[in-house]
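1. sequence-free structure coming up:
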Ligand code: HEM
């Protein structure tokens, strides 16, 4: 979850709970149908202090295969 940031202060995201529920639902659907293997360790997140968001410092490499 290091990459999913919702800002802070006065303009902090009001949709956080909905967004997290949606992410968990989609992840559970994905993991029921596919095996996901990391090809490399998770890169460090880069934080933006300006709006409280984060993004990966490098591409995230994964192998996704359909479950049999
Ligand atoms: C993974 C999904 C989401 C992420 C990562 C995210 C992230 C953010 C961030 C970082 C901000 C702060 C922007 C700033 O400070 O300028 C923000 C604001 C906001 N978000 Fe989200 N958001 C997400 C989903 C949603 C959803 C689903 C909704 C509504 C259903 C929503 C509604 C809002 C609103 C209304 C604001 C502005 C709040 C204000 O200015 O007072 N967001 N969001």
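-> Alright, I've got the coordinates. Because the structure is predicted, anything quoted here is derived from the model rather than measured. Numbering: from 1, shown residues only.

2. only C-alpha atoms from now on, for both contacts and neighbour counts.
-> Will do.

3. does stretch 56-68 reach the ligand?
-> No. Between stretch 56-68 and the ligand, judged by CA under 6 Å from any ligand atom, nothing touches; the nearest distance is 13.1 Å.

4. who in this structure is up against the ligand?
-> Proximity of the chain to the ligand is confined to 4-7, 10-16, 18-19, 51-53 under the rule CA under 6 Å from any ligand atom.

5. I'd like the distance between the residue nearest to residue 52 when sequence neighbours are not counted and residue 25.
-> Excluding the flanking residues, the one nearest residue 52 by CA to CA, 6 or more residues apart in numbering is residue 7, at 4.0 Å. Taken as CA to CA, to the nearest Å, the spacing of residue 7 relative to residue 25 amounts to 22 Å.

6. between these two, tell me which one has more neighbours.
-> With neighbours defined as other CA atoms under 10 Å, residue 7 and residue 25 compare such that residue 7 has more, 18 against 11.
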